[in-house]
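Peer 1: could you look at this predicted model? Sequence included:
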Amino acid sequence: MDPRLLLFLSLTTLLLAHTAHAKVTKASATVYKAVSSESDSVVAMGSIEFVDDSSGQVHISGRLTGLQPEGNHGFHVHELGALFNNCMAAGSHFNPGGKQHGGPKDSERHVGDLGNVVADVSLSGTHFLNRVFKNPHPPQPYSLQASGNAVIDISDTIVALNGPNSIVGRSIVVHEKPDDLGKADTADSKKTGSAGKRLGCGIIGTDQH
Ligand code: CU
Ligand code: ZN
């Protein structure tokens, strides 16, 4: 055999082997406020990072703004990487196993079922004074300010960045209402957690190949 051909074949084999073993370890999504038409302005609600640190879990972290304050909001991976039509283009919850909707700790759950994110109520400047100066005189009035920010810090053993449960190329969706984790006795609860409208969505992508 021509030695040059041999070299070429060896290199090709090496390259293919490398491609086959390349593992995605990190992905991210920018979440955009749901829009009904392409002419609506694009508003980012935040970004989410997905890291597979080889511990058997995917760590999901980030921040979202513009949620209804003080409350739970359903948070799922939906099957399709598409955002139009008020995020309805993202399709149903990512469910390769054909299971019923559930909570993140349940064995009967969609792969995409990440439960809820919690939006906070932040406290305004006068409250800050009360905390720093411990009971100032005269006392400063408290004032609550609704902010609707959620800090996301989830570790999940079911979603993956590789293999059949891979969420890369799919969408992350945040909902208007709490996800009841499939615990209510209704058909909708077993399907979507009755989390209501889709407030925002983003496509989960990766730089890695
Ligand atoms: Cu959802
Ligand atoms: Zn679900």
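Peer 2: Structure's in. What do you need? Ligands and ions are numbered 1, 2, ... in the order given.

Peer 1: just how off-centre is the helix or strand hosting residue 121 within its chain?
Peer 2: Taking DSSP states H and E as the definition, residue 121 sits inside strand 113-123. Mean C-alpha position of strand 113-123 versus that of the full chain (C-alpha atoms, centre = their mean, to the nearest Å) differs by 12 Å.

Peer 1: what about it and ligand 1, touching?
Peer 2: No - figure legend: strand 113-123 not in contact with ligand 1 (C-beta under 5 Å from the ion); closest approach 8.6 Å. From N, CA and C alone the C-beta is placed, and that goes for glycine too.

Peer 1: which other residues reach that strand?
Peer 2: For strand 113-123, the surrounding residues in contact (C-beta atoms under 8 Å, 6 or more residues apart in numbering) are 60, 64, 67-77, 93, 101-104, 106, 142-152, 154, 156, 159, 174, 178-179, 181-182, 193.

Peer 1: low-confidence regions, this structure specifically.
Peer 2: Counting by pLDDT under 70, the chain shows low-confidence ranges at 1-21, 122-146, 209.

Peer 1: show me which residues of it are close to ligand 1?
Peer 2: Proximity of the chain to ligand 1, by C-beta under 5 Å from the ion, involves residues 76, 173.

Peer 1: minimum distance to ligand 1, which residue of the chain gives it?
Peer 2: residue 76 (3.4 Å; C-beta to the ion).

Peer 1: residues in contact with the spatially most central residue of the chain?
Peer 2: Geometric centre of the chain, nearest residue: residue 172, 4.4 Å, by C-alpha atoms, centre = their mean. Neighbour list for residue 172: 29, 31, 48, 75, 76, 77, 78, 201, 202, 204 [criterion: C-beta under 8 Å, 6+ apart].

Peer 1: could you flag which of the contacts of strand 113-123 are buried?
Peer 2: Listed as buried from the contacts of strand 113-123 are 60, 64, 67, 71-77, 93, 101-104, 106, 147-150, 152, 154, 156, 159, 174, 178-179, 181-182, 193; burial here means 16 or more other C-beta atoms under 10 Å.

Peer 1: and residue 103, how close does it get to residue 40?
Peer 2: Residue 103 sits 33 Å away from residue 40 when distances are taken as C-beta to C-beta, to the nearest Å.

Peer 1: ok, which stretches of this structure are helices?
Peer 2: 3-21, 125-133, 187-191 (DSSP state H).

Peer 1: is it true that residue 183 touches residue 189?
Peer 2: Yes - with contact defined as C-beta atoms under 8 Å, residue 183 reaches residue 189; the gap is 6.7 Å.
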